[in-house]
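Asks: Only the shape, not the letters, is given here:
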Ligand code: MV4
């Protein structure tokens, strides 16, 4: 097992990693930007090192500074958290070549899933259901119309180097196809340095359902059920829940089984998430895979009772999974609300000083956050300031618990989306569990802030 872990991240996930490591008897090293010198992750780690100024490129993305910090501190492993360097295959490789443990999947897995076309091909080969689409990258503009005719309109053009909703274009009519393709490809080239595009049939009202994978380095793979992530705004998740109100036991079993089989066939290791699109008929299709711990992991922890961060660390140290799929039981229901520092009308980030703070508590209530009274939300980083997670015996009970917790939550001095969350958990389509990826749009149209 590792004896000292360096955490190449900040905020609540850095704190989450510190807590897991401490419970395992592992020492922790925080790295931080000059602006984060007084942050909780720095205070709570056993050791801390400043790695640069506030801009991410010079700090939390500064590979030489982070590797130096690992060497100076005598850390024997690096946990990248989410965002920042967590899905940078070159970084993972450098970490391993420095003789350090990498708390994540092998670099080749990160690389494969980072290229959306390669990931699709590999996952098709591995047996995951796919939407009708182009066989890999679109090679020639002259193939476009034949391709779209075969797939059937509407189609969606996606950037091979994109992901998470970046670099996508929906095309509804043949006559717009070539123009849309040119625009999308040049936008992708500008944004990602790669103009490669692929095409899929467009699913109109999809749900985003993802499966949590846990795999050891010895070929054992299990899943920890699903998370429903359809409550999004501009491809940013706002609320997640588990189980998904859209799945029944049979569909859950099938999704989990094919996901596990696919991961076994590519030799995946550590934790990961397979994202599926679920259509109105209950058919599911592979979308993308995330090769990191995710923001919304606590809802899975809540319903399975498994500490995903401890698992991740244990598996990265080469330990065996030591649990069978049969031993996994899901209990009750969990919901997570992402609390963001943002303007309720424009959704622009609203950084600044928190002048009053009271986090909710009580049975089945968890708050993962680095916020406190007099904490300053910095303008340089993500605007998420807290995750509020509740669990209860049933979905209706979890919704009641979330309403109660949101009522207790006090954050003053900055603007937050807490008022939005209070509306969301009262909104009938949400309460009924009958919603898709357009839920937030509908709520905002019906009840403007
Ligand atoms: C789609 C789609 C409909 N049809 N692909 C958005 C994020 C990226 N992972 C893929 N996305 C989508 N791909 C086909 N063929 C609709 C979306 C999509 C979406 C997916 C999940 C959650 C929210 C979304 C919001 C808009 C569009």
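Replies: Cool, got the structure. Keep in mind that this is a model prediction, so the values were computed, not measured.

Asks: part of a helix, is residue 149?
Replies: Yes: judged by DSSP: H, G, I helix; E, B strand; the rest coil, residue 149 forms part of a helix.

Asks: quick check, residue 381 in a strand?
Replies: No: per three-state DSSP, residue 381 lies outside any strand segment and is coil.

Asks: pLDDT wise, what is it at?
Replies: With respect to pLDDT, residue 381 scores 97.

Asks: Could you count how many residues lie near it?
Replies: 21 (other CB atoms under 10 Å). For the C-beta atoms, the positions are set from N, CA and C on the backbone; glycine is no exception.

Asks: when you give positions from now on, start the count at 24
Replies: Got it, the first residue is 24 from now on, which makes the last one we talked about residue 404.

Asks: Now the helix or strand where residue 261 lies: average pLDDT?
Replies: According to DSSP states H and E, residue 261 maps onto strand 259-265. Averaged across strand 259-265, pLDDT comes to 98.

Asks: what packs against it?
Replies: In terms of contacts (3 or more CB pairs under 8 Å, 6 or more residues apart in numbering; DSSP states H and E), strand 259-265 is packed against strand 244-256, helix 320-327, strand 356-363, helix 441-447.

Asks: Can you name the residues in contact with the next helix or strand after the third one?
Replies: Counting by DSSP H and E, the element after strand 356-363 in chain order, helix or strand, is strand 375-376. Contacts made with strand 375-376 from outside it, assessed by CB atoms under 8 Å, 6 or more residues apart in numbering, are listed as 364, 397-400, 436-437.

Asks: Now with 10 Å, please.
Replies: By CB atoms under 10 Å, 6 or more residues apart in numbering, the residues outside strand 375-376 that reach it are 364, 396-402, 435-438.

Asks: how many neighbours does residue 370 have?
Replies: 17.

Asks: For the spatially closest residue to residue 387 that is not a sequence neighbour, give me its contacts.
Replies: Using CB to CB, 6 or more residues apart in numbering and skipping residues adjacent in sequence, the residue nearest residue 387 is residue 414, 4.7 Å away. Residue 414 makes contact with 265, 321-322, 324-326, 328, 354-359, 386-389, 420-421, 424-425, according to CB under 10 Å, 6+ apart.

Asks: Can you check what angle separates the host helix or strand of residue 410 from strand 356-363?
Replies: Using DSSP H and E, residue 410 sits within strand 407-415. Relative orientation of strand 407-415 versus strand 356-363 (axes from the mean of the first three to the mean of the last three CA atoms, to 10 degrees): 160 degrees.

Asks: What is the next helix or strand after strand 407-415 packed up against?
Replies: Using DSSP H and E, the helix or strand that follows strand 407-415 in sequence is helix 418-431. If contacts are counted by 3 or more CB pairs under 10 Å, 6 or more residues apart in numbering; DSSP states H and E, helix 418-431 sits against strand 259-265, helix 320-327, strand 356-363, strand 388-392, strand 407-415, helix 441-447, helix 451-455.
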